[in-house]
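Chemist: 3D, please:
(one chain, ligands or ions: 1)
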Amino acid sequence: MTKTPVDELLINEPRIDAKPLYEILNMCSRGYKIFRTIYVAVQTGLFDILDEPKTSEEISRELGVNVKLACKICDVLCDLGLLNKVKGAYRNTELSSLYLKRDSLLSQINVIESLNEEFKVWNSLNAALKGKPTPINEELFFEKRVPSLASEMLCGELQRTVRIIAELPEFKRARKLLDLGGGHGLYAIAFTKLNRRLKAYVFDLPRVLKCTRRYIEMFDAERVEVIPGDFFKDDIGAEYDIVFLSYIPGGKNPSLIPKIHSSLKTGGLFINKQVFYHDGEGSKDPLLDIGWNILSFQGMRKADRIYSFKGDVPFEGYIELLKRYFSVIKVVDASQFSRLTTSGAKSPLDPKMIIAKKRS
Ligand SMILES: C[S@@+](CC[C@H](N)C(=O)[O-])C[C@H]1O[C@@H](n2cnc3c(N)ncnc32)[C@H](O)[C@@H]1O
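Modeler: All right, here's what the predicted structure looks like:
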């Protein structure tokens, strides 16, 4: 009896092994399920009650959750190093006790919630692909995003950055600093703790400053004030000893350079930490570029690559323009201040921190 092509399909394995495809799909499946497990654990407050060891029955009673499922979730979290199991009782590891409890100053719950929101945005990829990115008001976007950025920065980048800047003789002498697009204001707050004679101003969009005020209160910051405004349109103040920028739209745009120059005293410092692109550099990571293009801002116009806007210039061109107004003191490499990401990037995005001094 002759076999038809359909019969062949049932008897002989495919000509090309499906294993590489299944490895990719399995990676997605595992990543998604692990995220949902961590998300639900955080949402139900599991880590909040596990600084003391508890059995699954005790957990179930205290949180009002299904005992069998709670036990499974705890086992997965043990596997991930987020819980320990000793004599049938679960307990936080040092990692989860510090970062996954709601009342911890270093809680990363905002980051997990922000990731959950980001995943929802990816449901609109199809619309973006069809030429209809989802429009969003940037002030609302940043208002939601800034608490998560604050938590992320507190994991090391903030402390490393302020330590580098605190070493500069100009910082030790500084009396007035501007944190432009400062968002949470944690940089400004930390700077005032390191220099007792420094007054710092956080300039940001009005709605975002509600969050800044919360951090000012939380850290009992005495010499930090807020200035509401749009740095592209409004006056940013004057007579600063230091203007500091970290990851802001406009940070790679030449139009802000003269404005920042005018706002500084002679000899003042302009410190700019951004994810720059180099001459001839293509995409940093196409997966991240996809995410960047799903939402469109209503005011600022995004460019195609992650963290890029229309009007941005490459690093080399930015430095050349800067030299018309400033002497570049140094460029600090990412390895000195940046380490963590939840962006899904294959490799670090390599931000740079430029430190420049105003010429007369
Ligand atoms: C990515 S966040 C960076 C926050 C903080 N500097 C940091 O590094 O963690 C960008 C900040 O720039 C602010 N921003 C964006 N456009 C702005 C504008 N046109 N005027 C003032 N602030 C703006 C946002 O509200 C947000 O706080």
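
Chemist: mind listing what K144 touches?
Modeler: Going by CB atoms under 8 Å, 6 or more residues apart in numbering, K144 touches S114, E117. Quick note: C-beta positions are derived from backbone N, CA and C, even for glycine.

Chemist: renumber starting at 18 from here on
Modeler: Noted, 18 is the first residue going forward, which turns the last one into K161.

Chemist: just the mean pLDDT for the helix or strand it falls within, thanks.
Modeler: Assigned by DSSP states H and E, K161 belongs to helix 155-170. Averaged across helix 155-170, the pLDDT comes to 96.

Chemist: now stretch 174-194
Modeler: For stretch 174-194, the per-residue pLDDT averages 98.

Chemist: what's the answer for stretch 233-252, then?
Modeler: The average pLDDT for stretch 233-252 rounds to 97.

Chemist: and it, which residues are buried?
Modeler: I233, F236, A238, R240, V241, V243, I244, G246, D247, F248 (16 or more other CB atoms under 10 Å).

Chemist: okay if I get the residues you listed as JSON lines plus secondary structure and distance to T110?
Modeler: Below are the buried residues of stretch 233-252 laid out as JSON lines (DSSP: H, G, I helix; E, B strand; the rest coil; distance: CB to CB, whole Å):
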{"residue": "I233", "secondary structure": "helix", "distance to T110": "32"}
{"residue": "F236", "secondary structure": "coil", "distance to T110": "27"}
{"residue": "A238", "secondary structure": "coil", "distance to T110": "32"}
{"residue": "R240", "secondary structure": "coil", "distance to T110": "38"}
{"residue": "V241", "secondary structure": "strand", "distance to T110": "35"}
{"residue": "V243", "secondary structure": "strand", "distance to T110": "38"}
{"residue": "I244", "secondary structure": "strand", "distance to T110": "42"}
{"residue": "G246", "secondary structure": "coil", "distance to T110": "44"}
{"residue": "D247", "secondary structure": "coil", "distance to T110": "44"}
{"residue": "F248", "secondary structure": "coil", "distance to T110": "42"}
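
Chemist: and the helix holding K161, which residues are buried?
Modeler: Those would be 155-156, 159-170, for helix 155-170 by 16+ other CB under 10 Å.

Chemist: now distance to the ligand too, for the residues you listed, in JSON lines please.
Modeler: Shown next, in JSON lines, are the buried residues of helix 155-170 (distance: CB to the nearest ligand atom, whole Å):
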{"residue": "E155", "distance to the ligand": "6"}
{"residue": "E156", "distance to the ligand": "7"}
{"residue": "F159", "distance to the ligand": "3"}
{"residue": "E160", "distance to the ligand": "7"}
{"residue": "K161", "distance to the ligand": "10"}
{"residue": "R162", "distance to the ligand": "7"}
{"residue": "V163", "distance to the ligand": "5"}
{"residue": "P164", "distance to the ligand": "11"}
{"residue": "S165", "distance to the ligand": "10"}
{"residue": "L166", "distance to the ligand": "4"}
{"residue": "A167", "distance to the ligand": "7"}
{"residue": "S168", "distance to the ligand": "10"}
{"residue": "E169", "distance to the ligand": "8"}
{"residue": "M170", "distance to the ligand": "5"}
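
Chemist: elements contacting whatever helix or strand comes next after the helix holding K161?
Modeler: Toward the C-terminus, helix 155-170 is succeeded by helix 174-183 as the next helix or strand (DSSP H and E). For helix 174-183, the packing partners by 3 or more CB pairs under 8 Å, 6 or more residues apart in numbering; DSSP states H and E come out as helix 203-211, strand 257-263, strand 369-375.

Chemist: V179: how many residues sit nearby?
Modeler: Residues lying near V179 (other CB atoms under 10 Å) number 21.

Chemist: excluding its backbone neighbours, what's nearest it?
Modeler: Of all residues not flanking V179 in the chain, A207 sits nearest, at 4.5 Å (CB to CB, 6 or more residues apart in numbering).

Chemist: and for that neighbour, the neighbour number?
Modeler: Using other CB under 10 Å, A207 is surrounded by 24 other residues.

Chemist: so it touches L175, yeah?
Modeler: Yes - taking contacts as CB atoms under 8 Å, A207 lies within contact range of L175: 6.3 Å.

Chemist: which stretches of the stretch 218-367 of the chain form helices?
Modeler: 226-235, 273-280, 303-309, 332-339 (DSSP state H, counting those that start in this stretch).

Chemist: returning to that earlier point: now do the residue nearest to V179, the pLDDT please.
Modeler: Looking at A207, the pLDDT reads 98.

Chemist: follow-up on the earlier one: for the ligand, find the nearest of the helices of the stretch 218-367 of the chain.
Modeler: Between the ligand and the helices of the stretch 218-367 of the chain, the tightest spacing by CB to the nearest ligand atom is seen for helix 226-235, at 8.3 Å.

Chemist: hmm, the closest one in reach of the ligand?
Modeler: No - using CB under 6 Å from any ligand atom, we find that helix 226-235 stays clear of the ligand, coming within 8.3 Å at best.

Chemist: now that helix against helix 203-211, angle please.
Modeler: In terms of direction (axes from the mean of the first three to the mean of the last three CA atoms, to 10 degrees), helix 226-235 departs from helix 203-211 by 30 degrees.

Chemist: which other residues reach helix 226-235?
Modeler: Helix 226-235 has contacts (CB under 8 Å, 6+ apart) with 160, 163-164, 167, 199-203, 206, 219, 221, 238, 241, 243, 245.
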